[in-house]
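S.K.: quick one, fold the following:
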Amino acid sequence: MSTPERYDLVILGSGSTAFAAALHAAELSKSAVMTECRTVGGTCANRGCLPSKNLIEAARLVYDAAHPRYPGLSPVHMPIDWAELVAQKDEIIQEFRAHKYESLLDQPERIQLVSGQSALVSDHEVEVRTPDGLRRLVGEQLLIATGSQPAIPAVPGLSDVPYLTSDLLSSADDPWGTELREQPRSLLILGGGYIALELGQMFARFGTEVTLVTHGMRILSGYEPEIAEALTEILREEGIRIVTGAQVRGVERSGEGVALSLQRHGSQQTLSAEQLLVSTGRRPNTQEIGLERAGVEVDAAGAVRVDRTLRTTASHIWAAGDVIGQETESQMATPVGAHDGKIAAHNALSGEPPREVDHTVIPRTIFTDPQVAVVGLTDEEAVAAGIECDCNTIPLSVVPRSGAIRDTRGVIKMVLDAPTRQVVGVSMLGVNAGEVIHEAAIALRFGATTDDFIDLIHVYPTMAEALKLVALSFTKDVNRLSCCAT
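M.R.: Presented below is the predicted three-dimensional model:
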């Protein structure tokens, strides 16, 4: 049996949450070690955010060249070399991983990484099966930061056919051969959430025939219906087939591809394509890591239970990032994990009174084109929370910037606490929505009202003026305003 190695903090995982915790441990002059069974950097850098946004932008360039918005500009159909696109994506990932993750491990006295499959064997001890044998890591404190993975639904026949998940954009850590090395001629996507929409539009713009199938009556369930409806229209205009209200009955091989059988509006349908992408959400990585041996409980969704200090049901074991799911109203997102990883490490190691997480204001963006960005509550969520709310939606065609650049697609919706006029939620579909939403986020954080948005002088012409205009729309007809008028 190997000699136990002792650390102040043992971390399961090596993604953004884990690195934030390990770096803060080093700042506190504490020893930390991370474990990783795949590639350092976790999902975001290797399989998620970075590779998808890289290729989504490439697809936008292809689409814009073929569909110029300006009279006087002729369409240009750009040839696509899929292998070269994948190669440049891999190069970007490798450079990013080397700079943002691997370079931080060059001082082993501060942070260490042990590669291998890890699991808790007691409430203080982690066992790691490495290529060189078994290692035992003993931590005064432990942090579970194992992230999440694609959730696979129980569809009859799915286990017997080849299918893709969001991991299809993985790079070096592709032991299961899930990366898509050739562009499919046609693609069936099972799901209607943000990953399905981002990847669906991306492949369609590269020339793949895309059909998106969702159980819900609309895409983006949980988002404002005005946003979902407007985005549905945009995607359909780009040639994406969107099938809603579908009860999937099974999947099977069909020649060189797959066939999906479903029931919709009382009738049976079969959809076929060369490839199938399953994008029906994500689930916390809590399986087979020995949580029960350490007294760590999970909720009904399999997420690690934590209190607002990120302490689990074991007093010296903490958890943060995707692995806690929606505990403490958290959201599965890279910046949330990085933010909370530092708090978890601080609470575990500093000896100071514990800090509590506040997940009230978390801006999010869906990188479709145009982008969807949200922060705070939807209309429905505000009503469910007992808020006497007022809300309004305006088209982005009233924003001067959108007219100037000939891209008026989208809408913006604002939700208020009616008695105080305090803004409690903003949702936007439009150009640069992911940048605009940060103004809304800081406003929500400090309790801004519609008057605060109206009184703030916005740069003209910018898409951020949409926030001022939607705030004005509660009391004025924004179609009858002069330039920059209030």
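S.K.: ok, now which ones touch the residue lying closest to Ser254 once chain neighbours are set aside?
M.R.: The spatial neighbour of Ser254 that comes closest, neighbours along the chain excluded (Cβ to Cβ, 6 or more residues apart in numbering), is Ser272 at 5.2 Å. Placement of C-beta: from N, CA and C, glycine included. Residues in contact with Ser272, defined by Cβ atoms under 8 Å, 6 or more residues apart in numbering, are Ser186, Leu188, Ser254, Gly257, Val258, Ala259, Leu260.
S.K.: just the buried ones from the residues you listed?
M.R.: Among those, the ones that count as buried by 16 or more other Cβ atoms under 10 Å are Ser186, Leu188, Gly257, Val258, Ala259, Leu260.
S.K.: which of the residues you listed lies closest to Ile457?
M.R.: Of all the buried ones among the contacts of Ser272, Ile457 sits closest to Leu188, with 48.9 Å by Cβ to Cβ.
S.K.: give the closest residue to the closest one in space, chain neighbours not counted.
M.R.: Ala273 (4.1 Å).
S.K.: run a quick neighbour tally on Gln112.
M.R.: By other Cβ atoms under 10 Å, 17 other residues sit near Gln112.
S.K.: ah, wrong one, I meant Arg364
M.R.: Arg364 - counted by other Cβ under 10 Å - has 19 other residues nearby.
S.K.: what are the bridge partners for it, then?
M.R.: Listed by DSSP bridges, the beta-bridge partners for Arg364 are Val374.
S.K.: now it: how far from Val298?
M.R.: Separation of Arg364 from Val298 (Cβ to Cβ, to the nearest Å): 24 Å.
S.K.: beta-bridge partners for the residue nearest to Leu188, please?
M.R.: Bridge pairing for Ala273 - DSSP bridges - gives Val258.
S.K.: begin at 429 from now on, thanks
M.R.: Understood, numbering begins at 429; the last thing we discussed is Ala701.
S.K.: what's near enough to touch it?
M.R.: So Ala701 contacts Pro612, Ser614, Leu615, Leu616, Glu637, Thr639, Gly685, Val686, Leu688 (Cβ under 8 Å, 6+ apart).
S.K.: list the buried residues of stretch 577-586.
M.R.: For stretch 577-586, a neighbour-count test (16+ other Cβ under 10 Å) marks Gln577, Pro578, Ala579, Val583, Leu586 as buried.
S.K.: let me redo that: stretch 827-839
M.R.: Those would be Val827, Pro828, Arg829, Ser830, Asp835, Thr836, Arg837, Gly838, Val839, for stretch 827-839 by 16+ other Cβ under 10 Å.
S.K.: please, which helix or strand holds the fifth one?
M.R.: This means Asp835. If you go by DSSP states H and E, Asp835 is not part of any helix or strand.
S.K.: next one: the fourth one
M.R.: Applying DSSP H and E as the criterion places Ser830 in helix 828-832.
S.K.: pull the distance from that helix to the chain's centre.
M.R.: With Cα atoms, centre = their mean, to the nearest Å as the basis, helix 828-832 stands 29 Å off its chain's centre.
S.K.: neighbouring contacts of it?
M.R.: 824-825, 836-838, 858-859, 888-891, 893, 911.
S.K.: from the residues you listed, which one has the minimum pLDDT?
M.R.: Of all the contacts of helix 828-832, Cys911 has the smallest pLDDT value, namely 81.
S.K.: apart from its neighbours in sequence, what residue is nearest that residue?
M.R.: Nearest non-adjacent residue to Cys911 (Cβ to Cβ, 6+ apart): Pro828, at 6.3 Å.
S.K.: just give me the neighbour total for the residue nearest to Leu437 when sequence neighbours are not counted.
M.R.: Take Leu437 and drop its neighbours on the chain: the residue closest to it by Cβ to Cβ, 6+ apart is Ala460, 4.4 Å away. By other Cβ under 10 Å, the residues close to Ala460 number 27.
S.K.: so what's Ala460 bridging to?
M.R.: Beta-bridge partners of Ala460, as defined by DSSP bridges: Leu437, Ile539.
S.K.: hmm, it is touching Val542, no?
M.R.: No: counting by Cβ atoms under 8 Å, Ala460 stays clear of Val542, with 11.4 Å between them.
S.K.: looks like Leu548 contacts Val554 (just checking).
M.R.: Yes: with contacts counted by Cβ under 8 Å, Leu548 reaches Val554, the gap being 5.8 Å.
S.K.: tell me the SS of Lys481?
M.R.: helix (DSSP: H, G, I helix; E, B strand; the rest coil).
S.K.: could you find the closest non-adjacent residue to it?
M.R.: Phe795 (5.8 Å).
S.K.: which ones are touching that neighbour?
M.R.: So Phe795 contacts Ser480, Lys481, Ile484, Glu626, Gly862 (Cβ under 8 Å, 6+ apart).
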